[in-house]
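Q: got a sequence here, can you build the structure:
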Amino acid sequence: SAELIGGIDFIPLAIGLFGIGEILYSVYLNQHAADFPYIKVSTKDEGFWPSRREWKESRGPTARGSVLGFMVGVVPGAGATIASLMSYSMEKSISKTPEKFGKGAIPGLIGPEAANNAASAGSLVPLLTLGIPGSGSTAVLLGAFLLYGLRPGPLLMTQNPEFAWGLIASMYLGNVVLVLLNIFAIPLFASFMKVPLRIAIPVIVVLCTIGTYTVNGSIIETWLMVLAGVLGFFMKRFGFSPAAAIVALVLGPIAEETLRQSLLISNGSPLIFYQRPVAFGLVILFAILVAVPVAYRLIRGRSLPAVPAEED
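A: Sure thing, here's the model as predicted:
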């Protein structure tokens, strides 16, 4: 088709993977909103605001979760989910009352949330400095940058300083606005739990379809969104992250272009990636990032005790 000569657009695949794919997976899990108990929430309720004891108990987990989350967020591909899980495990391991975790313990709530928010900010570091998205959301953000002709990387601060510093300032302002929205909109957010899944799913599908079609007015891109949604469902079904596909989609053309440029500079010799200190350091870092999770799984698999077979 002539519409595919220029390649597959980023937006239909992103909407399909994160929109349609999530819907299909929710239907597969049969997670009906009506099955959840709905509790009416008001800012005037007793216990809505944290007490002095809860504020004091939150200081340590907040600091630890923020530092840990930022460090994990800087690592490309780690994501906020890993940061939250690591923070929860750390808080539980150092707590004097680990038996309270899973039952509403303050450190188990505050620490992972602080790590989650810090990881979101940390994932912008590799994006703005190296042009490498650190998570699925920053991969979508990178796609938006490229649509507007902005190339994240070392030259972003010098070529577009207004945009770069405006983005950094928006993180501070966004947190303030988010606090205000969360305080006054919690009753509204809680009311969404009353919406049955049979009503929410058609609305979301229609919005995804309209958003995809209005980009270029292409029916083919709409079908590509559906196919991407099916792919996203199977990725989540078998334990793969759809964010990895988005990162590959965004970084693929950039990696191909820079690879060609590097080979042209070196007259076709791949040794350029090992003879330059910066390039060689990045290769070593990439090898470590790939090897550490594999080694961790192997070590963890060996340390797990064997399950004895049941006798008939």
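Q: so where do the strands sit in the stretch 51-200 of the chain?
A: Under the criterion DSSP state E, counting those that start in this stretch, strands are not mapped anywhere in the stretch 51-200 of the chain.
Q: sketch out the low-pLDDT regions of it for me.
A: 76-79, 81, 102-103, 134, 193 (pLDDT under 70).
Q: ok, which stretches of it are helices?
A: Counting by DSSP state H, counting those that start in this stretch, one finds helices in the stretch 51-200 of the chain at the ranges 52-74, 79-94, 106-122, 124-130, 136-147, 156-159, 161-191, 197-216.
Q: mind giving me the packing neighbours of the third one?
A: Right, the one you point to is helix 106-122. helix 52-74, helix 79-94 (3 or more Cβ pairs under 8 Å, 6 or more residues apart in numbering; DSSP states H and E). C-beta: built from backbone N, CA, C; applies to glycine.
Q: winner for burial among the ones you listed?
A: Most buried of these by mean neighbour count (mean count of other Cβ atoms under 10 Å) is helix 79-94; its value is a mean of 20.
Q: can I get that helix as CSV, trimmed to CA atoms?
A: Extracted in CSV, the C-alpha atoms of helix 79-94 (Å, rounded to 0.1, in the frame of the first residue of the first chain):
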residue,chain,number,x,y,z
GLY,A,79,10.8,1.6,35.1
ALA,A,80,8.7,2.8,38.0
THR,A,81,7.2,-0.7,38.7
ILE,A,82,10.7,-2.2,39.5
ALA,A,83,11.5,0.9,41.7
SER,A,84,8.3,0.4,43.7
LEU,A,85,8.9,-3.3,44.2
MET,A,86,12.5,-2.7,45.3
SER,A,87,11.4,0.0,47.7
TYR,A,88,8.7,-2.2,49.2
SER,A,89,11.2,-5.1,49.7
MET,A,90,13.7,-2.7,51.2
GLU,A,91,11.2,-1.2,53.7
LYS,A,92,9.9,-4.6,54.7
SER,A,93,13.4,-5.9,55.3
ILE,A,94,14.4,-3.0,57.5
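Q: returning to what we had before: among the helices of the stretch 51-200 of the chain, which is nearest Val278?
A: Among the helices of the stretch 51-200 of the chain, the nearest to Val278 by Cβ to Cβ is helix 124-130 (10.7 Å).
Q: now do the closest one: distance to the chain's middle.
A: Centre-to-centre, helix 124-130 and its host chain are 15 Å apart (Cα atoms, centre = their mean, to the nearest Å).
Q: and what of stretch 15-31?
A: The answer for stretch 15-31 is 16 Å, by Cα atoms, centre = their mean.
Q: could you do stretch 118-125 as well?
A: Distance, centroid of stretch 118-125 to centroid of chain: 10 Å (Cα atoms, centre = their mean).
Q: one more: stretch 66-74?
A: With Cα atoms, centre = their mean, you get 13 Å for stretch 66-74.
Q: ditto for stretch 246-265
A: 22 Å.
Q: adding distance to Ala228, write the helices of the stretch 51-200 of the chain out as CSV.
A: Formatted as CSV, these follow (distance: least, Cβ to Cβ, whole Å):
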stretch, distance to Ala228
helix 52-74, 26
helix 79-94, 20
helix 106-122, 24
helix 124-130, 23
helix 136-147, 13
helix 156-159, 29
helix 161-191, 28
helix 197-216, 10
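Q: need the helices and strands packed on helix 106-122 in TSV with distance to Phe101, can you?
A: Formatted as TSV, the helices and strands packed on helix 106-122 follow (distance: least, Cβ to Cβ, whole Å):
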stretch	distance to Phe101
helix 52-74	12
helix 79-94	5
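Q: wait, which of the ones you listed is closest to Phe18?
A: helix 79-94 (13.6 Å).
Q: tell me the pLDDT of Thr209.
A: With respect to pLDDT, Thr209 has a value of 90.
Q: cool, and the one 3 residues further on?
A: Thr212 is assigned a predicted lDDT (pLDDT) of 87.
Q: who's in contact with it?
A: 11-12, 15-16, 221-222, 225 (Cβ atoms under 8 Å, 6 or more residues apart in numbering).
Q: which one of those is nearest to Ser26?
A: Gly16 (14.9 Å).
Q: surely that closest one touches Thr222?
A: No: using Cβ atoms under 8 Å, Gly16 is not in contact with Thr222, being 9.5 Å away.
Q: comparing the two, which residue is more hemmed in?
A: Gly16 (27 against 18; other Cβ atoms under 10 Å).
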